[in-house]
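Undergrad: Got a predicted structure here, sequence first:
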Amino acid sequence: MREVRLGDDIDDYCVRCKRVMNHLVVSVMNAEAAKVRCRTCHNDHDFRHETAPPPKVDLRKQALFNDVLKTVDPTAAPVEAALEAEEAPESKAKGKTKT
């Protein structure tokens, strides 16, 4: 692989866009990109090697889910695995009428 230079176009995971996008190399350290700038949203961030961060697990939601599960089926084992990723929030316009 060739050496990375300032201004080169590379693909990386954008933390703001939440997907792999085109980026410009903004900072180089030890012949490897250190910081990049998304060409879509212009956000600067550390080079992530095209990998998304692991999903966040909300322990409070997991505990509440296990409490509800106990009331439904007392013999069920508690859920220890991470809950599925949250669905997209409902639109803000839901329930409102346009005037």
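TA: Received it, and whenever you're ready, just let me know what you need.
Undergrad: from here on, contacts and neighbour counts on C-alpha atoms
TA: OK.
Undergrad: Now the helix or strand hosting Asp67: average pLDDT?
TA: If you go by DSSP states H and E, Asp67 is part of helix 59-72. Helix 59-72 carries an average pLDDT of 84.
Undergrad: pull the CA atoms of that helix into PDB?
TA: Presented in PDB, the C-alpha positions along helix 59-72 are these (Å, rounded to 0.1, in the frame of the first residue of the first chain):
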ATOM      1  CA  LEU A  59     -28.000  -1.100  31.200                       C
ATOM      2  CA  ARG A  60     -31.100   0.600  32.600                       C
ATOM      3  CA  LYS A  61     -33.200  -0.600  29.600                       C
ATOM      4  CA  GLN A  62     -31.800  -4.100  30.000                       C
ATOM      5  CA  ALA A  63     -32.700  -4.100  33.700                       C
ATOM      6  CA  LEU A  64     -36.200  -2.800  33.000                       C
ATOM      7  CA  PHE A  65     -36.700  -5.400  30.300                       C
ATOM      8  CA  ASN A  66     -35.600  -8.200  32.700                       C
ATOM      9  CA  ASP A  67     -38.100  -6.900  35.300                       C
ATOM     10  CA  VAL A  68     -40.900  -7.000  32.800                       C
ATOM     11  CA  LEU A  69     -39.800 -10.400  31.600                       C
ATOM     12  CA  LYS A  70     -40.000 -11.700  35.200                       C
ATOM     13  CA  THR A  71     -43.600 -10.500  35.600                       C
ATOM     14  CA  VAL A  72     -44.600 -12.200  32.300                       C
END
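Undergrad: tell me which residues in it are buried?
TA: Going by neighbour count (16 or more other C-alpha atoms under 10 Å), the buried part of helix 59-72 is 62, 66, 69.
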